[in-house]
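Student: Got a sequence here, can you build the structure:
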Amino acid sequence: MSNVRVALESQTTDRSDWVESRGLVAEDTTFLRGLLGGIRCGVLAVDRHGDLLLINRHGCDILGFDDPPATGQRASAAFEEHPQLVRMLAEAFTVTELPNRAELDLGPALREGTRIGFTVSHIPGLDGESVGAAVFFKDLTRIEHREEKERLRDRLAALGEMAARLAHEVRNPLASIEVTCGLLRRRFVDDESAREMIDKIRAEVQRLNGTVTSSLEFVKPVASNFGSAELQPLIDEAMTVARDRHDRPAVEIRLGKRVELPLLRADRDQLRQLFENLVLNAAEAVGESGQVVIDVERVAAPKTGSASYDEPLRSDDLVTREFDEFVVVRVSDDGPGIPEQARGRIFHPFFTTKRQGSGVGLSTVKKIVDSHGGLIDVDRSTLGGARFTVRLPLISATLESLEGQQR
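Tutor: Model (predicted):
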């Protein structure tokens, strides 16, 4: 086997005797090992028989391995949780043109879902024949997340222009209608039936005016005021608001899993609005009876994102913070759930599955999560209904430290 394979195999296993017997000096193997370990992308290689030759540390992080899979085993066994990757490796020796800057989705093993961009190259032997294939790949999940945010910003800019024009054209006639209703109401002082009809008109006018106002509020950028925030009291407040507003004894709103958390660097008012919206939505979804469960936990941040998050968390001159964990809040219910075909649009502006919904609430929730550098998604809960999962960077903060940075 060529010196290339020797170097590749020495990347993940200690084969010093095997290397020395083939005339490689320690400096060569150390350099190659350091080179592959320092590359800012995943690298893996297989031979023509489909056996795994190497995978570097960064590749393990992207694919979700705590420990590198053993070399020498079949790639189909090493990467059995990533069937599309296995299929791509199997085709590396059968296609006439190797993939260059291609993409594929990993999974379903990775809970967060990961999309990688990759390039495949053949490894030539001493006789010039291909003895293996190397794959160079990067995690594109955050890049796609950022691109989706950019597309959302473009949509919001267009919506902002449209909303401003609509507000001008609609609000003036609405104000005139409401004033006229007031005059009519005074004229029909003794006609209770007429006054009731006029009150209904005024109520609908006010509702429509509120919709226009909320639309304008939505398209405005979120202005976050970061400070120290304690998460658990905000969740408790959201549960209290939901219980008071609905007041249905048959609806149980309770805490499930919970953990101790430090003070977070966040906008307290925005987080309270975020959790109130999610818990209220869940309480409405279950109807007259059911249960809403809120779970709080801490999970490790993806190692592939390096120390700092791609989306800087800023408040005035505060710089990007480093973090190692996410705080994860899951709001689950046993209601009818959200149809799968609607999940991809559930956070889009003015999209709603409710009869009387405006489609602004969940869009605002996503804006708040984005402003905190977090992630939000929705799937089916173990209770049978919907489950909204919010992941926020766990960045510890104290009032003293924040004040010191803002001076």
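Student: so how far is stretch 324-337 off the chain centroid?
Tutor: Between the centre of stretch 324-337 and the centre of its chain there are 12 Å (Cα atoms, centre = their mean, to the nearest Å).
Student: got the buried residues for that stretch?
Tutor: Residues of stretch 324-337 classed as buried under the neighbour-count rule (16 or more other Cβ atoms under 10 Å) are 325-335, 337. Where you see a C-beta, it was placed from the backbone N, CA and C, and this is true even at glycine.
Student: Same question for stretch 79-98.
Tutor: Of all the residues in stretch 79-98, those buried under the rule 16+ other Cβ under 10 Å are 79, 82, 85-86, 88-89, 92-93.
Student: Also stretch 120-129?
Tutor: Here stretch 120-129 shows 120-121, 123, 125 as buried, counting by 16+ other Cβ under 10 Å.
Student: Now render those residues as CSV, adding pLDDT.
Tutor: Putting the buried residues of stretch 120-129 into CSV (pLDDT from 0 to 100) gives the following:
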residue, pLDDT
120, 90
121, 88
123, 86
125, 80
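Student: picking that back up, export the buried residues of stretch 324-337 to JSON lines and tack on distance to residue 66 and pLDDT?
Tutor: Formatted as JSON lines, the entries for the buried residues of stretch 324-337 read as follows, by distance: Cβ to Cβ, whole Å; pLDDT from 0 to 100:
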{"residue": "325", "distance to residue 66": "16", "pLDDT": "81"}
{"residue": "326", "distance to residue 66": "17", "pLDDT": "85"}
{"residue": "327", "distance to residue 66": "22", "pLDDT": "90"}
{"residue": "328", "distance to residue 66": "19", "pLDDT": "92"}
{"residue": "329", "distance to residue 66": "25", "pLDDT": "93"}
{"residue": "330", "distance to residue 66": "23", "pLDDT": "93"}
{"residue": "331", "distance to residue 66": "29", "pLDDT": "94"}
{"residue": "332", "distance to residue 66": "28", "pLDDT": "92"}
{"residue": "333", "distance to residue 66": "33", "pLDDT": "92"}
{"residue": "334", "distance to residue 66": "34", "pLDDT": "90"}
{"residue": "335", "distance to residue 66": "36", "pLDDT": "87"}
{"residue": "337", "distance to residue 66": "33", "pLDDT": "86"}
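Student: Max pairwise distance over those: which two?
Tutor: Within the buried residues of stretch 324-337, 325 and 335 form the most distant pair, 30.4 Å apart (Cβ to Cβ).
Student: Next one: residue 130 relative to residue 85, how far apart?
Tutor: Counting by Cβ to Cβ, to the nearest Å, the gap from residue 130 to residue 85 is 19 Å.
Student: Make sure I have this right: residue 378 is in a helix.
Tutor: No - assessed with DSSP: H, G, I helix; E, B strand; the rest coil, residue 378 is strand; it does not lie in a helix.
Student: Return the member of the buried residues of stretch 120-129 nearest to residue 377.
Tutor: Of all those, the one with the least separation from residue 377 (Cβ to Cβ) is residue 120, at 30.5 Å.
Student: could you check the distance from residue 247 over to residue 283?
Tutor: The separation that residue 247 has from residue 283, given Cβ to Cβ, amounts to 10 Å.
Student: Compare these two (neighbour count), which wins?
Tutor: Counting neighbours by other Cβ atoms under 10 Å for residue 247 and for residue 283 shows that residue 283 has the greater number, 25 against 8.
Student: Unless I'm misreading it, that one sits right up against residue 251, doesn't it?
Tutor: Yes - using Cβ atoms under 8 Å, residue 283 is in contact with residue 251, at 5.9 Å.
Student: any common contacting residues for the two?
Tutor: residue 292 (Cβ atoms under 8 Å, 6 or more residues apart in numbering).
Student: Helices along the stretch 1-150 of the chain, start to end?
Tutor: Taking DSSP state H, counting those that start in this stretch as the test, the helices found in the stretch 1-150 of the chain are 3-10, 16-20, 26-38, 57-63, 75-78, 83-91, 141-187.
Student: Would you list the phi and psi of residue 265?
Tutor: Torsion angles at residue 265 (phi, psi; degrees, to the nearest 10) stand at phi -80, psi 110.
Student: domain parsing for this protein?
Tutor: 3-139, 144-219, 227-406 (automatic domain parsing).
Student: what's the neighbour count on residue 180?
Tutor: Other residues lying near residue 180 total 14 when counted by other Cβ under 10 Å.
Student: For residue 174, see how far away it is.
Tutor: As defined by Cβ to Cβ, residue 180 lies at a distance of 11 Å from residue 174.
Student: what do you get for residue 94?
Tutor: Spatial separation of residue 94 from residue 174 under the definition Cβ to Cβ is 67 Å.
Student: cool, residue 166 as well?
Tutor: Residue 166 sits 11 Å away from residue 174, going by Cβ to Cβ.
Student: Need the residues touching each of these two.
Tutor: Between them, residue 166 and residue 174 share the neighbouring residues residue 212, with contact defined by Cβ under 8 Å, 6+ apart.
Student: Would you quantify the distance from residue 237 to residue 273?
Tutor: The spacing between residue 237 and residue 273, counted by Cβ to Cβ, is 11 Å.
Student: Just the pLDDT at residue 79, thanks.
Tutor: According to the prediction, residue 79 has pLDDT 90.
Student: Pretty sure it sits against residue 64.
Tutor: No - under the criterion of Cβ under 8 Å, residue 79 is not in contact with residue 64, lying 10.4 Å apart.
Student: before we move on, back to that, between which two of the buried residues of stretch 79-98 is the distance greatest?
Tutor: Between any two of the buried residues of stretch 79-98, the greatest separation by Cβ to Cβ is 18.6 Å, found for 82 and 93.
Student: What segments of the stretch 251-400 of the chain are strands?
Tutor: Applying DSSP state E, counting those that start in this stretch to the stretch 251-400 of the chain gives strands spanning 251-255, 264-266, 290-300, 325-333, 375-380, 386-393.
Student: These into CSV, with extra columns for distance to residue 202?
Tutor: As requested, the strands of the stretch 251-400 of the chain are arranged in CSV below (distance: least, Cβ to Cβ, whole Å):
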stretch, distance to residue 202
strand 251-255, 32
strand 264-266, 40
strand 290-300, 35
strand 325-333, 35
strand 375-380, 37
strand 386-393, 36
